[in-house]
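J.: quick one, structure for this:
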Amino acid sequence: MKTNDVIQVVYNTEEQTALETNLSAIEDFAAKNAPNLNAEDRQQYGSIHETNKLLVDKCKTLMEQNPQLIPAFVEKEEFQRDYDARKFIEDTLLRLDGIKRKLEDTKILLDYDNYQDAMAFYRSARYLANEQEEFAIPVYDELKQYFPGKKNGSSSDTETEE
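T.: Numbering: from 1, shown residues only. Reported below is the predicted structural model:
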């Protein structure tokens, strides 16, 4: 009975296909209006950070209350469209961050399980190679390269299992 599994996950073909389809739809949606900023552009336009978001919010409220103060070159309707689109994207990014975190956490545990099983296999091959079991020696010789800090000339070395 296996006791070292910290997570058990199975995605059937239908689930994988549905996720791929939905991700493709999200990619298509994002690409529809997305500019392709290079590093220089990103530096130039930057980010307004939280304090400046508060300023934008306050100005939006004050523009609504005092339309006579809006400069002629500022189109209130365009400002509102940009504001609404930015809010929508920001909320979407927060949701995507949550999804990304859940998937990363799942992957961490799956990686852990895979590594533990791989190390158990490696230790088994090492043990049997040290016992001079012919079928285990080439397997051990192939795997010991992943532990370069130890002597590889002897099958009795004890590799560090990181």
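
J.: how much space separates residue 88 from residue 143?
T.: Going from residue 88 to residue 143 by Cβ to Cβ, to the nearest Å gives 51 Å. The C-beta positions use only the backbone N, C-alpha and C, and glycine is treated the same way.

J.: between those two, who's got more neighbours?
T.: Relative neighbour count places residue 143 above the other of residue 88 and residue 143, with 17 against 10, counting by other Cβ atoms under 10 Å.

J.: using CSV, write down the CA coordinates of the worst-scoring helix or strand of the chain on mean pLDDT.
T.: When the helices and strands of the chain are scored by mean pLDDT, DSSP states H and E, helix 39-45 comes last with a mean of 93. Below are the C-alpha coordinates for helix 39-45, written out as CSV (Å, rounded to 0.1, in the frame of the first residue of the first chain):
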residue,chain,number,x,y,z
ALA,A,39,10.3,46.1,-22.7
GLU,A,40,10.9,49.7,-23.6
ASP,A,41,7.2,50.3,-24.0
ARG,A,42,6.5,48.7,-20.7
GLN,A,43,9.0,51.0,-19.1
GLN,A,44,7.6,54.1,-20.8
TYR,A,45,4.0,53.4,-19.9
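
J.: let me see the contact set for the residue sitting furthest away from the middle of the chain.
T.: When distances are taken from the C-alpha mean of the chain, residue 68 lies farthest, 46.9 Å away, according to Cα atoms, centre = their mean. By Cβ atoms under 8 Å, 6 or more residues apart in numbering, no residues touch residue 68.

J.: what helices or strands is the longest helix along the chain leaning on?
T.: Using DSSP state H to define each element, the chain has its longest helix at helix 76-130. Helices and strands touching helix 76-130, by 3 or more Cβ pairs under 8 Å, 6 or more residues apart in numbering; DSSP states H and E, are helix 49-65, helix 137-143.

J.: how does it look with 10 Å?
T.: Here helix 76-130 touches helix 13-33, helix 49-65, helix 137-143, going by 3 or more Cβ pairs under 10 Å, 6 or more residues apart in numbering; DSSP states H and E.

J.: out of these, deepest packed?
T.: Most buried of these, by mean neighbour count (mean count of other Cβ atoms under 10 Å): helix 137-143, with a mean of 15.

J.: so how far is that helix off the chain centroid?
T.: Computed by Cα atoms, centre = their mean, to the nearest Å, the chain-centroid distance of helix 137-143 equals 34 Å.

J.: contact partners of that helix?
T.: Applying Cβ atoms under 10 Å, 6 or more residues apart in numbering, the contact partners of helix 137-143 are 118, 121-131, 133, 152, 155, 159.

J.: so which of the helices and strands packed on helix 76-130 gets nearest residue 109?
T.: Closest of the helices and strands packed on helix 76-130 to residue 109 is helix 13-33, at 18.1 Å (criterion: Cβ to Cβ).
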